[in-house]
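Q: below are the sequence and a predicted model for it; my questions follow.
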Amino acid sequence: MFKGKGKERAVINMGNIWVQPIRWFWYPYLAFGRVTVLHGVSGSGKSMLAAYLAAACTNRKCFGGMEELEPGNVLYLTADDALSDLLYPRLTEAGADLDRVYAIHDLISITLGDNSIEQLLDTHKIRLLIIDPIQEYLEYDVYSGYPELVYPVISKLEKMAKEHECAVLLTAYSDGPNGEKASVWQSEFAEKISSVLALDLPEGRTGKRRLLQEKSILAAEGKPIVFSLRKEKMEESTQPDGKDLFVDMQKRIGCLFMSDMRDKKRQVWEELKRFPLEEYDRKQQEDFSVYVFGVNYDTVQEVLGSSSGR
């Protein structure tokens with residue numbers, strides 16, 4: 001023990017640490033025993049995606065490369081939607097086993113002194129806790145500029161997730177991927193939130209949704225997923241468009257510039273030298289080139305070749 005100012009500090013030998021493997025609900029997007037945030041603008045499909053995750057948990061309705069799960073119970077807190085008008089139809093459409101879903105429809109804030117949720121997690125053996133949206137259950141506005149007021153509640157939820165070995169999904173209103181408000185979830189709560197997912201509507205692609213993983217502390221970030229929602233099925237798109245590939249490039253090589261890339265072509269040219277564009281098929285390469293630069297793929301290759309001295 002070290003001693004300082006009359007207090008003793010416990011020293012732990014790291015060789016004696018037992019490493020518990022991470023159990024995944026959906027690798028690498030959602031883990032058991034951890035907190036995940038799913039944010040997006042109104043109408044982007046956050047609640048519907050949450051319903052599909054509930055179906056995966058309760059009724060083996062897997063999607064997006066998810067491994068089949070043993071059926072488990074879901075606790076769903078919703079303040080926005082009437083249970084019979086919206087939540088029930090969504091769960092039914094997604095194919096959830098409704099007998100395994102327990103819902104709370106109130107506006108009672110989650111506080112440090114309230115243990116009611118923990119009791120429900122234990123009583124009903126909950127495997128997935130969904131709070132939709134988290135803003136309605138906080139006493140303080142997460143975007144108010146004082147995230148430290150919200151931090152204790154997020155910390156409490158993370159502790160509950162670990163103690164009960166359940167996955168916790170918080171949906172949140174935001175201004176979309178790369179938005180100013182979205183950055184709060186990535187930076188202010190540090191290790192308490194293990195994964196941040198953003199949902200948006202790809203421009204010009206009717207009925208499609210795009211899921212981006214903006215933060216992951218447990219594994220490498222997953223690739224963007226473009227999908228559409230159909231009855232009892234979440235259909236993943238197999239053909240990304242030019243913007244999808246640009247987002248993929250941002251993630252894989254760490255570009256920090258936002259979606260308005262047309263004023264930053266020079267930086268994009270430099271980054272492209274390291275991006276494995278050859279991994280994609282010809283149509284994807286053409287879509288990407290036209291979307292970013294307004295020229296065809298052959299022209300992109302010519303410029304890259306001359307600029308690198310090839």
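A: Sure, I can see it.

Q: the most centrally placed residue in the chain is in what secondary structure piece?
A: Among the residues of the chain, the one closest to the centroid is Leu197, at 2.0 Å (CA atoms, centre = their mean). Element membership for Leu197 (DSSP states H and E) is strand 195-200.

Q: next SSE downstream of that strand?
A: According to DSSP H and E, the helix or strand after strand 195-200 is strand 208-216.

Q: buried sites along stretch 126-146?
A: Burial within stretch 126-146, assessed by neighbour count using 16 or more other CB atoms under 10 Å, is assigned to 126-138, 142-143. From N, CA and C alone the C-beta is placed, and that goes for glycine too.

Q: can you check stretch 210-228 too?
A: So for stretch 210-228, counting by 16+ other CB under 10 Å, buried means 210-216, 221-227.

Q: what of stretch 31-45?
A: 31-41, 44-45.

Q: any idea which of those residues is closest to Ile108?
A: Nearest to Ile108 out of these is Val35 (CB to CB; 19.7 Å).

Q: below-threshold pLDDT in the chain: ranges please.
A: 1-6, 80-81, 202-206, 230-281, 283-284, 287-295, 300-301, 303-310 (pLDDT under 70).

Q: and the strands in it?
A: Along the chain, the segments classed as strands by DSSP state E run 2-4, 7-9, 24-26, 30-31, 35-40, 73-78, 101-104, 126-132, 167-173, 195-200, 208-216, 225-230, 233-236.

Q: domains in this structure, by residue range?
A: Following automatic domain parsing, the chain resolves into domains at 22-238, 248-308.

Q: okay, those, which one's buried deepest?
A: Among the domains of the chain, ranked by average contacts under mean count of other CB atoms under 10 Å, first place goes to domain 22-238 (a mean of 18).

Q: circling back to that earlier point, as TSV, the buried residues of stretch 31-45 with distance to Glu118 would be great.
A: Shown next, in TSV, are the buried residues of stretch 31-45 (distance: CB to CB, whole Å):
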residue	distance to Glu118
Ala31	19
Phe32	16
Gly33	14
Arg34	16
Val35	14
Thr36	19
Val37	20
Leu38	22
His39	25
Gly40	28
Val41	32
Ser44	30
Gly45	30
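
Q: how about the closest residue to Ala50 other than its chain neighbours, what does it touch?
A: In space, Ala50 comes closest to Ile130 once its chain neighbours are excluded; the distance is 5.1 Å by CB to CB, 6 or more residues apart in numbering. Going by CB atoms under 8 Å, 6 or more residues apart in numbering, Ile130 touches Ala50, Leu53, Ala54, Val74, Leu75, Tyr76, Leu77, Thr78, Leu169, Thr171.

Q: leaving aside the residues next to it on the chain, what's closest to Tyr151?
A: Nearest non-adjacent residue to Tyr151 (CB to CB, 6+ apart): Phe189, at 6.2 Å.

Q: distance check, the one you found against Arg282.
A: 42 Å (CB to CB, to the nearest Å).

Q: and what of Gly33?
A: From Gly33 to Arg282 the distance is 43 Å (CB to CB).

Q: thought Met66 was touching Ala56?
A: Yes. Look at Met66 against Ala56 with CB atoms under 8 Å: they come within range, at 6.1 Å.

Q: with distance to Thr92 added, can I get the buried residues of stretch 210-228 in JSON lines?
A: As requested, these are exported to JSON lines (distance: CB to CB, whole Å):
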{"residue": "Arg210", "distance to Thr92": "25"}
{"residue": "Leu211", "distance to Thr92": "22"}
{"residue": "Leu212", "distance to Thr92": "28"}
{"residue": "Gln213", "distance to Thr92": "28"}
{"residue": "Glu214", "distance to Thr92": "31"}
{"residue": "Lys215", "distance to Thr92": "32"}
{"residue": "Ser216", "distance to Thr92": "31"}
{"residue": "Glu221", "distance to Thr92": "32"}
{"residue": "Gly222", "distance to Thr92": "28"}
{"residue": "Lys223", "distance to Thr92": "30"}
{"residue": "Pro224", "distance to Thr92": "28"}
{"residue": "Ile225", "distance to Thr92": "23"}
{"residue": "Val226", "distance to Thr92": "25"}
{"residue": "Phe227", "distance to Thr92": "19"}
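
Q: just give the closest residue to Ile126, not the sequence neighbours.
A: Closest to Ile126 by CB to CB, 6+ apart is Leu75, at 4.6 Å.

Q: start to end distance for stretch 15-24?
A: The straight-line separation of the ends of stretch 15-24 (CA to CA, to the nearest Å) is 26 Å.

Q: would you mind listing the buried residues in that stretch?
A: Trp24.

Q: hmm, who's touching that stretch?
A: With CB under 8 Å, 6+ apart, stretch 15-24 has contacts from Leu30, Ala31, Phe32, Gly33, Glu67, Glu165, Leu218, Ala219.
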